[in-house]
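Enquirer: would you be able to build a 3D model of this:
(one chain, ligands or ions: 1)
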Amino acid sequence: MIRNLLSAVMVAVLALGSADLSGKEARPNIVFILIDDMGWPDLGCYGHVFHETPRIDQLAEQSVRFTDFYATPVCSSTRATIESGQNSARVGITDFLPGHWKPFARLVVPPMPDHLDHELTTPGEVLGRAGYNTAYFGKWHLGRGAEHSPAAHGYETTASNLGPEFKQWSKGRKAGPKDMVRLTDQAIWFVQQQKQSESPFFLHLSHRAVHIPIQAQNETVEKYKKKQKPSEGVNHPVYAAMIEDLDVQIGRLLDELDRLQMANNTVVIFTSDNGGLRQVYTGRGQVVSTNAPLRSEKGTLYEGGIRVPMIVRWPGVTPPRSVCRQPAASWDMLPTFCAIAEVDPPDQTLDGEDLTGVFRQPSSSLERPALYFHYPHYHHSRPASAVRSGDYKLIEWLEDGSVELYDLASDIGETKNLAAAEPEQASQLRDELAAWRTRVGARMPTENTDYDEAKADIWYNRSNSQPLDSAAIDSQLESRATKPYLRKN
Ligand SMILES: [Ca+2]
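Expert: Predicted coordinates for the structure are as follows:
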């Protein structure tokens, strides 16, 4: 009897489809917040003892927090993975656009497209077609000009079409350091407009913080200048202040979801596009942060370059205060967005996997045996590929084919290279990495006939083919980084 009743209820629920009793769609809204260059340990909830991030920490308390979430080493390549569901090696955008240039280095790095391929279906397109109202605010970095903008890739609402009402509403408000107040205003305005809509929404909010030049509100900087520094770490007052300023803005958006009574039906996803930057790529100038206990920084395939924060709050689905230790990556976002929105993924090769299973049950496993990375560029290190398989991580340096093998379970800081001690493991992973590169058509660097050992490390300016003035770049960044936010509007 009870079973029959349950069946009848199930049938009724299925018949209702995705509409609830009020007639408004029950499919959840999605707010995807992408931070620029935030390091894995930068937040209180990831263990930072100097930075204060009470709002993001509170979000993490209500969420599943990933310990082993990965991006690519830089901006454009991670954004390409998010917009395509494909590994950056398959998309072909493996560096930031347009990339740095070392014309006399040992290898010539492979060419890249200068924009995201329009044949690829983005989250904006697939969710838009499925009835979602879509918006994109902030940094894009996947091609210049209107023809390659978020709007050209299916995002319906962008900063350029918010209309005169938004201008009026936000009149007189300052943009804030790194535009973080203005971007939050755009997001809040968009969310407010959605209150009247019958459709769910997908909001991609892509902050410009905490990328250099570091910038924060004067009063926040003063607070961190006075704050007692821990005995270890970098603990830069302006960087710390920028992170707290950002935390306040994240809090404003979360408060608005609460105020509009939308939080219960909104999935909030918070992550970063690559690891933290310690120091500008010229390797000089001030050190602004550290990724300790992880090794190295943005622009490398060490953990400090690719492991990032990832927090997901889906009320009623993600268990509060839970931790997921499954390795997952930015190319999982597109299939995951599709699963949340109950829509079929687009008809294109997907390297990503739907993460909603681990959202529901953070201790469950994903199907994929390994995660692969391809960064055939000079930046904060040399061209390389890498694979994370179980607790093992292998990095292959493409200049000479040498490898490093680490056991991340016992050595998260990648301090003990096991390649010589475990040659079979190293050789197997190296073979798997090579086979993967072939499968996805990864573009490889080639021998440089202009290789000149004496000039190999000199960066050149692409626009005038002259060596970059590293000292001038350092001093300009340093003067901006030590000057707190002063802009009046
Ligand atoms: Ca970035």
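Enquirer: okay, helices next: where are they in the chain?
Expert: Secondary structure of the chain by DSSP state H: the helices cover 2-16, 54-61, 75-84, 88-91, 123-129, 163-169, 180-194, 218-226, 237-259, 303-306, 333-340, 356-360, 423-440, 470-482.
Enquirer: point out where the chain drops to low pLDDT.
Expert: Within the chain, the ranges that satisfy pLDDT under 70 run 1-25, 284, 477-489.
Enquirer: who in it is up against the ion?
Expert: Residues of the chain found near the ion (C-beta under 5 Å from the ion) are 36-37, 75, 273-274. C-beta here means a position set from N, CA and C on the backbone, and glycine is covered the same way.
Enquirer: most neighbours of all those residues, which one?
Expert: Comparing these by number of neighbours (other C-beta atoms under 10 Å), residue 274 comes first, having 32 neighbours.
Enquirer: that residue against residue 298, yeah?
Expert: Yes - at 5.0 Å, residue 274 and residue 298 qualify as touching, with contact defined as C-beta atoms under 8 Å.
Enquirer: give me the common contacts of the two.
Expert: 37, 73-74, 305 (C-beta atoms under 8 Å, 6 or more residues apart in numbering).
Enquirer: just want the residue of the stretch 351-489 of the chain that's nearest the ion.
Expert: Going by C-beta to the ion, the ion is nearest to residue 379 of the stretch 351-489 of the chain, at 11.6 Å.
Enquirer: leaving out sequence neighbours, find the closest residue to that residue.
Expert: residue 299 (3.5 Å; C-beta to C-beta, 6 or more residues apart in numbering).
Enquirer: mind listing what that neighbour touches?
Expert: Residue 299 makes contacts with 73-74, 274, 277, 281, 305, 379-381, as judged by C-beta under 8 Å, 6+ apart.
Enquirer: also residue 115?
Expert: 97, 142-144, 148 are the contacts of residue 115 under C-beta under 8 Å, 6+ apart.
Enquirer: of these, keep whichever come out buried.
Expert: 97, 142-143, 148 (16 or more other C-beta atoms under 10 Å).
Enquirer: ok, so what distance separates the residue lying closest to residue 225 once chain neighbours are set aside from the ion?
Expert: Leaving aside its chain neighbours, residue 225 sits nearest to residue 237 (4.7 Å; criterion: C-beta to C-beta, 6+ apart). If you measure residue 237 against the ion using C-beta to the ion, to the nearest Å, the figure is 22 Å.
Enquirer: residue 237 reaches residue 217, doesn't it?
Expert: No - contact status for residue 237 versus residue 217: not in contact, 11.9 Å apart, counting by C-beta under 8 Å.
Enquirer: would you confirm that residue 280 contacts residue 472?
Expert: No - with contacts counted by C-beta under 8 Å, residue 280 stays clear of residue 472, the gap being 11.6 Å.
Enquirer: in the stretch 1-150 of the chain, what residue comes closest to the ion?
Expert: residue 75 (3.6 Å).
Enquirer: same question for the stretch 151-300 of the chain.
Expert: With C-beta to the ion as the measure, residue 273 is the residue of the stretch 151-300 of the chain nearest to the ion, at 4.2 Å.
Enquirer: burial count for residue 174?
Expert: When neighbours are counted by other C-beta under 10 Å, residue 174 registers 15.
Enquirer: I should have written residue 300 there, sorry.
Expert: Counted with other C-beta under 10 Å, residues neighbouring residue 300 total 24.
Enquirer: what's the spacing between it and residue 378?
Expert: Noted for residue 300: a distance of 11 Å to residue 378, by C-beta to C-beta, to the nearest Å.
Enquirer: ok so, going back, so what's the residue nearest to residue 225 up against?
Expert: Counting by C-beta under 8 Å, 6+ apart, residue 237 touches 221, 224-225, 227.
Enquirer: ok, 7 Å please
Expert: 221, 224-225 (C-beta atoms under 7 Å, 6 or more residues apart in numbering).
Enquirer: can I have the buried ones of those as a PyMOL selection?
Expert: Burial among the contacts of residue 237 is assessed by 16+ other C-beta under 10 Å; the matching PyMOL selection reads:
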select buried, resi 221+224
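Enquirer: which residue sits closest to the residue of the stretch 151-300 of the chain closest to the ion in space, ignoring its chain neighbours?
Expert: Among residues not flanking residue 273 along the chain, residue 78 sits closest, at 4.3 Å (C-beta to C-beta, 6+ apart).
Enquirer: count the neighbours of residue 287 for me.
Expert: 13.
Enquirer: pull the contacting residues for it.
Expert: With C-beta under 7 Å, 6+ apart as the criterion, the residues that contact residue 287 are 234, 278-279.
Enquirer: and what of residue 154?
Expert: In this structure, residue 154 makes contact with 122, 124-125, 128, 134, judged by C-beta under 7 Å, 6+ apart.
Enquirer: number of residues surrounding residue 368?
Expert: Residue 368: 16 neighbours (other C-beta under 10 Å).
Enquirer: what's it in contact with, if anything?
Expert: Residue 368 makes contact with residue 353 under the criterion C-beta under 7 Å, 6+ apart.
Enquirer: likewise the one 4 residues further on?
Expert: Remark: with contacts taken as C-beta under 7 Å, 6+ apart, residue 372 is in contact with 87, 387, 433, 436.
Enquirer: go on, residue 135?
Expert: Applying C-beta under 7 Å, 6+ apart, one finds that residue 135 lies in contact with 155-158, 190, 201, 203-204.
Enquirer: one step back: between the contacts of residue 372, which has the most around it?
Expert: Neighbour counts for the contacts of residue 372 (other C-beta under 10 Å) peak at residue 87, which has 27 neighbours.
Enquirer: ramachandran coordinates for that residue?
Expert: phi -60, psi 150 (degrees, to the nearest 10).
Enquirer: surely it and residue 331 touch.
Expert: Yes - the criterion here is C-beta atoms under 7 Å, and residue 87 meets it with residue 331 at 5.5 Å.
Enquirer: common neighbours of the two, please.
Expert: Common contacts of residue 87 and residue 331 (C-beta under 7 Å, 6+ apart): 81, 351.
Enquirer: got the contact list for whichever residue of the stretch 301-450 of the chain sits closest to the ion?
Expert: In the stretch 301-450 of the chain, no residue comes nearer to the ion than residue 308, which is 9.8 Å away by C-beta to the ion. Residue 308 sits next to 38, 40, 69-71, 271-272, 274-275 when contact means C-beta under 7 Å, 6+ apart.
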